[in-house]
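Participant: here are the coordinates; sequence isn't available:
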């Protein structure tokens, strides 16, 4: 129970921090996406933590399908980002691009686990 409360406290803190950074106008986008992805990870683990300790067939299926769906969403993210960079719609540095892809991948994996836990 203490572990779940820790996930909740850290997740809410990171969520409020990312909202504050976004609203303050001092927008450092790579830092913002990493903080927000940390919030999503912690809040997802807050929800999924009791289910992950069961180690049954349902959790194994949720993990497998989550990684499967995240793979195709990563391909979609890369394709869209490639088009946006190729046609000069956005201009990002290499490190910002890598951080954006990593943050989106982290968010996709954990949110797909939460969604799939509702389905299965």
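Facilitator: Structure's in. What do you need? Because the structure is a prediction, the values reported are computed rather than measured.
Participant: residue contacts, residue 63?
Facilitator: Counting by CB atoms under 8 Å, 6 or more residues apart in numbering, residue 63 touches residue 113. For every residue, glycine as well, the C-beta is placed using N, CA and C.
Participant: so in the chain, which helix runs the longest?
Facilitator: Scanning the chain for the longest helix, with DSSP state H as the assignment, gives helix 57-86.
Participant: okay, and residue 22 sits in which element?
Facilitator: Under DSSP states H and E, the secondary-structure element containing residue 22 is helix 2-24.
Participant: give me the contacts around that helix.
Facilitator: The set of residues that contact helix 2-24 without belonging to it, under CB under 8 Å, 6+ apart, is 27-28, 31-32, 35-36, 38-43, 45-46, 49-50.
Participant: where's the dip in pLDDT among these?
Facilitator: Comparing pLDDT over the contacts of helix 2-24, the lowest score belongs to residue 27 (74).
Participant: which SS class is that residue?
Facilitator: With DSSP: H, G, I helix; E, B strand; the rest coil as the basis, residue 27 sits in coil.
Participant: just to revisit the earlier point, I'd like to know which elements the following helix or strand past the longest helix of the chain is packed against.
Facilitator: Downstream of helix 57-86, the next assigned helix or strand under DSSP H and E is helix 94-119. Counting contacts by 3 or more CB pairs under 8 Å, 6 or more residues apart in numbering; DSSP states H and E, helix 94-119 is packed against helix 29-52, helix 57-86.
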